[in-house]
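>>> What would the 3D arrangement of this be:
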Amino acid sequence: MLLDILMSYLKFFVSMLIYRHISRQEFAWRWLFVPFLLCSRLYPCATGRLFGYFLVFIAYSFYRNRNIRHLLNIFYGLYPVVVESLIGRLLAFYVFPMLRIVLVHEASVSWYDALLELLVFPVYIGITKLLKLDFTDLKVGFQRQYFNRFLLPMNLSMFVYLLSVVGLVVLRILFACRCFTGNS
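Numbers count the residues shown, from 1 in each chain. Here you go, the predicted model:
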């Protein structure tokens with residue numbers, strides 16, 4: 001359980017850094033109790049932890065930015081979690097296998113998972129520098145309502161992605177339990 005809590009803190013910290021990068025706001029340190037709360041209270045329910053982790057950033061964004069549009073708050077809440085997940089999967093299933101580092105057992109928490117989480121933020125910064133993404137211009141465009149047509153489909157696609165990840169985790173857990181008990 002201790003390794004799960006440490007990995008939750010690492011995942012939360014990486015997402016917090018991405019949130020800070022896109023919103024240009026400091027993240028309140030008192031929110032660091034959230035991973036411990038999610039892991040300790042929802043430990044038996046892996047899907048509850050996963051879904052709770054997704055919703056924390058949306059709640060924080062609404063708490064922090066009461067004066068800006070709701071669609072932008074949802075974007076700020078979903079973007080760090082989706083980007084962290086996508087870059088982590090890119091590293092785990094495409095980059096590391098090309099370097100002949102193969103995941104042996106994905107259910108165990110190991111140095112491999114910690115290395116993946118530690119590499120997510122530098123890869124993210126590298127991609128944003130390479131593509132020259134500037135989120136301050138994006139924020140101005142959203143506040144002036146230039147991008148309202150595009151913001152709703154982006155938010156919906158990120159939410160569908162997160163729901164599909166949670167759904168696949170649930171199916172994997174159900175399938176593993178079914179295979180473990182021997183029921184056909």
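>>> got the buried residues for the longest helix anywhere in the chain?
Counting by DSSP state H, the longest helix found in the chain is helix 148-181. Buried residues in helix 148-181, counted by 16 or more other C-beta atoms under 10 Å: 151, 154-155, 158-159, 162, 165-166. For glycine as for every other residue, the C-beta is placed from the backbone atoms N, C-alpha and C.
>>> ditto for stretch 133-146
Across stretch 133-146, burial judged by 16+ other C-beta under 10 Å covers 138-139, 142.
>>> And the contacts of that stretch?
Outside stretch 133-146, the residues that touch it by C-beta atoms under 8 Å, 6 or more residues apart in numbering are 21-24, 68-69, 71-72, 75, 127, 147-148, 151.
>>> Just the buried ones from those, in PyMOL syntax?
Buried members of these, identified by 16+ other C-beta under 10 Å, are gathered into one PyMOL selection as follows:
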select buried, resi 21+22+23+68+71+72+75+147+151
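>>> quick one, helices of the protein?
2-23, 33-41, 46-64, 70-90, 96-98, 111-131, 135-143, 148-181.
>>> Adding mean pLDDT, write those out as TSV.
Shown next, in TSV, are the helices of the chain (pLDDT from 0 to 100):
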stretch	mean pLDDT
helix 2-23	82
helix 33-41	64
helix 46-64	75
helix 70-90	87
helix 96-98	83
helix 111-131	88
helix 135-143	74
helix 148-181	77
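>>> how much space between the residue nearest the centre of the chain and Ser164?
With distances taken as C-alpha atoms, centre = their mean, Val81 lies nearest the centre of the chain, 2.2 Å away. Val81 is 13 Å from Ser164, where distance means C-beta to C-beta, to the nearest Å.
>>> same deal with Leu86?
For Leu86, the distance to Ser164 - C-beta to C-beta - is 12 Å.
>>> same question, His70
According to C-beta to C-beta, His70 and Ser164 sit 23 Å apart.
>>> got it, and Phe175?
Look at Phe175 and Ser164: by C-beta to C-beta, they are 16 Å apart.
>>> Please apply the same query to Lys139.
For Lys139, the distance to Ser164 - C-beta to C-beta - is 28 Å.
>>> repeat for Phe142
25 Å.
>>> try Arg69
Arg69 is 26 Å from Ser164, by C-beta to C-beta.
>>> What about Tyr53, how many residues nearby?
Tyr53 is flanked by 22 other residues according to other C-beta atoms under 10 Å.
>>> I meant to write Val102 there.
Val102: 10 neighbours (other C-beta under 10 Å).
>>> Ile18 too?
Ile18: 23 neighbours (other C-beta under 10 Å).
>>> repeat for Ile74
21.
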